[in-house]
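Novice: Have a look; sequence and predicted model below, questions after that.
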Amino acid sequence: MRKVIFIMLLLLNPSIGFGFEIFALGTSNTNCKDAGQAFTNSLNELFAQDKINGTVINAGVDGDRPVFMLDRLKQGLLKHPNIKLVLFEPGPNEKNPRFNLGPSEEILGYLQENKIPTIFMSNRSIQPEDIEAKQFSERYGAYYYGHWARNIPGDSEYWSNRHMTAKACILWANNLFPLIKQVVKERNVN
């Protein structure tokens, strides 16, 4: 009987449901190395504050490179079938543009083929010009955020040992959140 009541509540009030999931695919930046997943945790807090029924899944791996990310993405989509949006940050670990951009194109192509809205965050060491990175992402129907560390001050309050501090990760989440809300609205993600 309890199960029936719970199902009826879900049907009558979808806000009680589990909502959609966002897969944050990236490197130590996404993982917020040494900052306790502050980036994805902050996004989840922003969702709760705005009463958006979504959850951000941290799929950032320290030291990762795009060549290894497609398999992780595919596994993540299998494990979390309710993923409706991907945040893709290929990161600065792969310095060779051929091995950064090639696999990044594969990932963006795969997401486009599977009709999963994507927000792409570039890396200035691989794509120094925003216009180039924007065209790269738009070729695959992805939204372009800009460089992942855009608008993050360069001082020690925000950076430690070449990684963002918790304060920087929280700022990044706040900077990205309006674009996520825009994509959720435009693509009717729910």
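Specialist: Yep, it's here. Residues are numbered from 1 along each chain as shown.

Novice: what about residue 37, how many residues close to it?
Specialist: Neighbourhood size, residue 37 [other CB atoms under 10 Å]: 18. C-beta coordinates here come from the backbone N, C-alpha and C atoms, glycine included.

Novice: What segments of the chain are helices?
Specialist: Applying DSSP state H to the chain gives helices spanning 2-12, 28-31, 38-49, 69-79, 97-113, 130-138, 166-186.

Novice: Most tightly packed of those?
Specialist: Neighbour counts (mean count of other CB atoms under 10 Å) averaged over each of these peak at helix 28-31, with a mean of 25.

Novice: Point out where the protein drops to low pLDDT.
Specialist: Scanning the chain with the threshold set as pLDDT under 70 gives 1-18.

Novice: hang on, the earlier thing: same list, the helices of the chain, but as TSV with distance to residue 146 please.
Specialist: Listed next are those as TSV, based on distance: least, CB to CB, whole Å:
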stretch	distance to residue 146
helix 2-12	38
helix 28-31	13
helix 38-49	15
helix 69-79	20
helix 97-113	15
helix 130-138	6
helix 166-186	9
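
Novice: Residue 157: which of the ones you listed is closest?
Specialist: With CB to CB, the closest approach to residue 157 among those belongs to helix 166-186: 6.1 Å.
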